[in-house]
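**Student:** Take a look and give me a structure for this.
(4 chains)
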2 protein chains.
Amino acid sequence: MASIKTIAKLAQTSVASVSRVLNNSGYVSAELRAKVEAAIAQTNYQPSSDARVLRGGKSNLVGILLPSIDVQFFGILAQSMEQALFDLGYQSFICSTAESAAHEARYVAMFLSRRVGGVIAASAEAGAAHFAPLRARGIPIVAIDRDLHGYASDAIVIDHDLGGRMMAQHLIDFGHRKIAVIGAPLHSQSIQRRLAGVRAALAQSGLEPVSQQLGKTHDFAQSYDLASRALANRPTGLIGLTDIAAIGAIHAAHDLGLRIPHDLSIIGFDNIPSAAFVLPRLTTIAQPIRHLGRSAAEMLHRLIIGEPQTLAQALPALTLIQRDTTAPPCAA
Amino acid sequence: MASIKTIAKLAQTSVASVSRVLNNSGYVSAELRAKVEAAIAQTNYQPSSDARVLRGGKSNLVGILLPSIDVQFFGILAQSMEQALFDLGYQSFICSTAESAAHEARYVAMFLSRRVGGVIAASAEAGAAHFAPLRARGIPIVAIDRDLHGYASDAIVIDHDLGGRMMAQHLIDFGHRKIAVIGAPLHSQSIQRRLAGVRAALAQSGLEPVSQQLGKTHDFAQSYDLASRALANRPTGLIGLTDIAAIGAIHAAHDLGLRIPHDLSIIGFDNIPSAAFVLPRLTTIAQPIRHLGRSAAEMLHRLIIGEPQTLAQALPALTLIQRDTTAPPCAA
DNA sequence: TTCCCCTCTGGTATCGATTACATAGTGGTA
DNA sequence: TACCACTATGTAATCGATACCAGAGGGGAA
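**Tutor:** Numbers count the residues shown, from 1 in each chain, chains lettered A, B, ... in the order given. Presented below is the predicted three-dimensional model:
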């Protein structure tokens, strides 16, 4: 493997001069610079990051911890963070933890031995104790999507409570009074917050859900079951705490012979691409996913270089995307 | 930052002994081992990978190059590769190139300076010349989904041609004779192969597409447009070369008042989750995505450790998933 | 007793890069 | 001429870990 010595030998000079050429530091004659550059081009030499980091340079490595990247929400998030970080000069370890704390701990140990400069995490809810060693070394942690009680230096989290209120209010404004709620995974902080928002808005109108079904795993099959159960109570409106839940509900309603939105209105949350793919197209609350990712990347960068944080991070607003699954109740 | 010296001082011994404890090599008394382990636990010390690699150890780093991870196909692929590689003891750089050769070249330079042990790539089609430096250093490259003419040590690529044939044959078997094809991106090798398969199967039955619409970018809006154009020729069957294309076609048909599958049969390719989310649920050819990812990971591992390859890699078969969008033509 | 082998430990060269410092030549100015 | 500043280059220490080597005891065999 070509090293700086190889280049020095090829260019008939010392490693110090090669280094000066590489870093544009100190004095180098034009003649020598040319010889060195020729040698570099000839061998396709790339200086070893390991050696540089060891010597005391910055590592430019960051860890990204997500529950998974095979669901679109996190896939999009991961992509936007990775891109933004790469443009800022960092390289990312994208790790999917499958919601397992044990997996998370293994990844954290890896981050430590790789000497990452910072971490962005949407952690499994269980407990965040394994983040302690990172904190102890002063490695900044940005929480995304889910808060990281006490361990994160900062957090990019949307107002799930408000999102819940918006969903409920949309149906209430249409005149719905018999409203059901379904969602998963129930142990997720974000889901709980959205649910709280839904219930708060309903309560404000003197209502409460005619049915509330929370599941353990967040997948299509489970959502279908939850919706089937919820529909037994004959709601005219149904709130899916995620788009996947809402899409499951569309299928369940369809199989029961209900027309959407004539017999049943459905609203979701996230605005993943699939929401626009289903027929009828799903009304939902859009999270600015890519924006969240970029913000997290920029925030981490500021923490790493030690720039003082702008106090109030203005997060982009949630927006209602009205499509074809919501309308006033007609059954009345 | 705690280093091996810190530990040695804490345990009142030398760095050599600490190293022996860390690696279970050579002789260490039980007493000393205990002292060292206590010091390690106390400081949460993790040895620096940089130093280890520098010293000549294996880097255990691999690069994964994909066009994107925000589309589900590649998100699932990335996740399965990352998991399999992590379990094999590797850490992955997952990089999305946005189909740009320039981006790809930057990532390759990064891989070089990070001294990755191997690379898995689904490359932009343009040209693969920037992979030459990797080859030159003997770093194994596994191509996935798309071949990498001449640069890859090996490739995990499904039989797209066969897949194309299967789609066409399914419609032909139902009795369709007026068949249209749409898909994107047209510069993709996989898409071209599938198209060739479709045309070959049609030709075998003395048919040719009543309309063939290929687009540049692979997204929903474009697919919708392509489908609208294709439907002008009144086909009874439509082949989407990807599920996204097929889903776009479902919407276009719906908006034209066509009933599926009564007036029009539609078949897709990939079997991404959204295919089961649309209504009616999409008939498609399933790629064993996770299996492909795992195979690529294992193959790269074998290349890295220099194990002789089993000659014929038996790839899992493509399977037809019949759902609700295909049926015999009724309009007749 | 002498010699050898096994156990245990510490010192130190090494990997590839950066950088402080030393050295040396050149040109200008007092 | 003597001195200084500037340019140009090389030598060597350093980062954190590993591994080779040396050396110190201890025990058994000849």
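
**Student:** any idea how chain A splits into domains?
**Tutor:** Here the domain assignment for chain A is A:4-47, A:61-157, A:160-287, based on automatic domain parsing.

**Student:** Turn those domains into TSV, columns for distance to residue B:293, mean neighbour count and mean pLDDT.
**Tutor:** In short, each C-beta sits where N, CA and C put it, glycine included. TSV is the format used below for those (distance: least, C-beta to C-beta, whole Å; neighbours: other C-beta atoms under 10 Å in any protein chain shown; pLDDT from 0 to 100):
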stretch	distance to residue B:293	mean neighbour count	mean pLDDT
domain A:4-47	28	16	95
domain A:61-157	10	21	90
domain A:160-287	19	21	96
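
**Student:** Identify whichever of those domains lies nearest to residue B:150.
**Tutor:** Nearest of the domains of chain A to residue B:150, taken as C-beta to C-beta: domain A:4-47 at 17.5 Å.

**Student:** Spell out which residues of the stretch 1-150 of chain A are next to DNA strand D.
**Tutor:** A:12-17, A:20, A:26-29, A:31-32, A:51, A:54-56 (C-beta under 7 Å from any atom of the strand).

**Student:** Apply 6 Å and report the result again.
**Tutor:** Contacts of the stretch 1-150 of chain A with DNA strand D, taken as C-beta under 6 Å from any atom of the strand, map to A:13-17, A:26-29, A:32, A:54-56.

**Student:** hmm, back to that, now render the domains of chain A as JSON lines, adding distance to residue B:323.
**Tutor:** Formatted as JSON lines, these follow (distance: least, C-beta to C-beta, whole Å):
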{"stretch": "domain A:4-47", "distance to residue B:323": "50"}
{"stretch": "domain A:61-157", "distance to residue B:323": "20"}
{"stretch": "domain A:160-287", "distance to residue B:323": "12"}
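
**Student:** wait, which of these is closest to DNA strand C?
**Tutor:** Distance to DNA strand C, taken as C-beta to the nearest atom of the strand, is lowest for domain A:4-47 among these, at 3.0 Å.

**Student:** now the closest residue to chain B within the stretch 151-300 of chain A, nearest residue through space, not along the chain?
**Tutor:** In the stretch 151-300 of chain A, the residue that lies nearest chain B is residue A:274 (4.6 Å; C-beta to the nearest C-beta). Sequence neighbours aside, residue B:274 is the residue nearest to residue A:274 in space, at 4.6 Å (criterion: C-beta to C-beta, 6 or more residues apart in numbering or on different chains).

**Student:** The one you found reaches residue A:276, doesn't it?
**Tutor:** No - between residue B:274 and residue A:276 there is no contact, the gap being 10.0 Å when judged by C-beta atoms under 8 Å.

**Student:** just to revisit the earlier point, and after the helix or strand harbouring the residue of the stretch 151-300 of chain A closest to chain B, which helix or strand comes next?
**Tutor:** If you go by DSSP states H and E, residue A:274 is part of helix A:273-277. Downstream of helix A:273-277, the first helix or strand assigned by DSSP H and E is strand A:283-286.

**Student:** buried stuff in the helix or strand following that following strand?
**Tutor:** For strand A:283-286, the succeeding helix or strand toward the C-terminus, using DSSP H and E, is helix A:289-305. Using 16 or more other C-beta atoms under 10 Å in any protein chain shown as the test for burial, helix A:289-305 gives A:289-290, A:292-304.

**Student:** picking up where we left off before, let's have the residues of the stretch 1-150 of chain A next to DNA strand D in JSON lines, adding distance to residue B:324.
**Tutor:** Output for those, formatted as JSON lines (distance: C-beta to C-beta, whole Å):
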{"residue": "A:13", "distance to residue B:324": "72"}
{"residue": "A:14", "distance to residue B:324": "73"}
{"residue": "A:15", "distance to residue B:324": "68"}
{"residue": "A:16", "distance to residue B:324": "71"}
{"residue": "A:17", "distance to residue B:324": "71"}
{"residue": "A:26", "distance to residue B:324": "71"}
{"residue": "A:27", "distance to residue B:324": "75"}
{"residue": "A:28", "distance to residue B:324": "70"}
{"residue": "A:29", "distance to residue B:324": "75"}
{"residue": "A:32", "distance to residue B:324": "72"}
{"residue": "A:54", "distance to residue B:324": "60"}
{"residue": "A:55", "distance to residue B:324": "62"}
{"residue": "A:56", "distance to residue B:324": "62"}
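
**Student:** Farthest-apart pair in those residues, please.
**Tutor:** A:29 and A:54 (29.6 Å).

**Student:** residues in the stretch 1-150 of chain A within reach of DNA strand C, list them.
**Tutor:** So the stretch 1-150 of chain A meets DNA strand C at A:1, A:3-4, A:15-16, A:19-20, A:22-23, A:25, A:47-48, A:51-52, A:54-55 (C-beta under 6 Å from any atom of the strand).

**Student:** and the stretch 201-332 of chain A, which of its residues are near chain B?
**Tutor:** By C-beta under 8 Å from any C-beta of the partner chain, the residues of the stretch 201-332 of chain A that approach chain B are A:220, A:247, A:250, A:251, A:254, A:273, A:274, A:276, A:277, A:278, A:279.

**Student:** Next one: the fifth one from DNA strand D, what distance?
**Tutor:** With distances defined as C-beta to the nearest atom of the strand, to the nearest Å, the gap from residue A:254 to DNA strand D amounts to 59 Å.

**Student:** Now do the contacts for the closest residue to that residue other than its chain neighbours.
**Tutor:** Excluding its sequence neighbours, the residue lying closest to residue A:254 (C-beta to C-beta, 6+ apart) is residue B:279, at 5.8 Å. Listed by C-beta atoms under 8 Å, 6 or more residues apart in numbering or on different chains, the contact set of residue B:279 reads A:250, A:251, A:254, A:278, A:279.

**Student:** so how far is residue A:248 from residue B:279?
**Tutor:** 12 Å (C-beta to C-beta, to the nearest Å).

**Student:** anything in contact with each of those two?
**Tutor:** Common contact partners of residue B:279 and residue A:248 (C-beta under 8 Å, 6+ apart): none.

**Student:** in the stretch 101-250 of chain A, which spans are helices?
**Tutor:** A:101-114, A:132-136, A:160-173, A:189-204, A:220-231, A:243-255 (DSSP state H, counting those that start in this stretch).

**Student:** and the shortest one, what does it pack onto?
**Tutor:** The reference is to helix A:132-136. Helices and strands touching helix A:132-136, by 3 or more C-beta pairs under 8 Å, 6 or more residues apart in numbering or on different chains; DSSP states H and E, are helix A:101-114.

**Student:** pLDDT score assigned to residue A:310?
**Tutor:** pLDDT for residue A:310: 65.

**Student:** mind checking how far the closest residue to DNA strand D within the stretch 101-250 of chain A is from residue B:41?
**Tutor:** Nearest to DNA strand D in the stretch 101-250 of chain A, going by C-beta to the nearest atom of the strand, is residue A:113, at a distance of 7.8 Å. Noted for residue A:113: a distance of 16 Å to residue B:41, by C-beta to C-beta.

**Student:** any idea how far the residue most central in space within chain A lies from residue A:170?
**Tutor:** Central residue of chain A (C-alpha atoms, centre = their mean): residue A:77, 4.2 Å from the mean position. Residue A:77 sits 25 Å away from residue A:170, taking C-beta to C-beta as the criterion.

**Student:** So in terms of bridging, what pairs with the closest residue in space to residue A:171 that isn't next to it in sequence?
**Tutor:** What sits nearest to residue A:171 in space, not counting adjacent residues and going by C-beta to C-beta, 6+ apart, is residue A:237, at 4.0 Å. Beta-bridge pairing for residue A:237 (DSSP bridges): residue A:179, residue A:265.
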